[in-house]
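Undergrad: Structural data only, the sequence is not supplied:
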């Protein structure tokens, strides 16, 4: 196999052996020539190189953390589908369920960006002086520093 790759890549056997054993570093041009006879792409050669791990978090359905925020009354439940650690959160996610018995709709302002994706039904959502009607499939993004909350 080494002889075939060497011949097809136009790279000497000794150099190919040294590259394979890590004795020398191959330039990109040589790596491209070696990848072709192996039938792989350059990205395939590097697929396991310097790959960060541990960033993904899977939270199964019905195992989210319920969050009680100031101003929330009955019929309005916030759940975090992911759990971030530490004081600095760049992005917080919530699954918000509001039922017919909700007595009040609190307003919020905070740092960061708000993203709402409507799953079911219709709601009016206020941010600043603007009220948008969100229907299933609609998404809304805005700065959290703007006073915002469910209108109706």
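TA: It's in. Note that the structure is a prediction, hence the values are computed from the model and not measured.
Undergrad: OK, contacts around residue 5?
TA: Residue 5 makes contact with 11, 16, 34, 37, 38 under the criterion CB atoms under 8 Å, 6 or more residues apart in numbering. The way it works is simple: take the backbone N, C-alpha and C, and place the C-beta from them, glycine included.
Undergrad: any residues touching the lengthiest helix in the chain, and which ones?
TA: Identified as the longest helix of the chain according to DSSP state H is helix 28-38. Identification of contacts with helix 28-38 by CB under 8 Å, 6+ apart yields 4-5, 8-11, 15-16, 19, 26, 41-42, 44-45.
Undergrad: Tell me which stretches of this structure form strands.
TA: Ranges of strands within the chain are 65-67, 76-80, 95-98, 113-117, 123-127, 130-134, 139-143, 148-150, based on DSSP state E.
Undergrad: Now do the same contact list for residue 136.
TA: By CB under 8 Å, 6+ apart, residue 136 lies in contact with 118, 119, 120, 121, 122.
Undergrad: count of residues packed around the first one?
TA: The number of residues packed near residue 118 is 16, by other CB atoms under 10 Å.
Undergrad: Kindly report the same for the second one.
TA: Neighbour count for residue 119, taken as other CB under 10 Å: 9.
Undergrad: who's in contact with it?
TA: residue 136.
Undergrad: Only the buried residues of stretch 4-11, if you could.
TA: 5, 6, 9, 11 (16 or more other CB atoms under 10 Å).
Undergrad: about what we covered before: is it possible to get TSV of the contacts of helix 28-38 that adds distance to residue 97?
TA: Formatted as TSV, these follow (distance: CB to CB, whole Å):
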residue	distance to residue 97
4	62
5	59
8	61
9	59
10	64
11	61
15	63
16	61
19	57
26	56
41	45
42	47
44	44
45	47
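Undergrad: Out of those residues, list just those in helices.
TA: Using DSSP H, the members of the contacts of helix 28-38 that fall within helices are 4, 5, 8, 9, 15, 16, 19, 42, 44, 45.
Undergrad: Report the spatially nearest residue to residue 3, omitting neighbours in sequence.
TA: Nearest non-adjacent residue to residue 3, counting by CB to CB, 6 or more residues apart in numbering: residue 13, 6.5 Å away.
Undergrad: With that, I have no additional questions.
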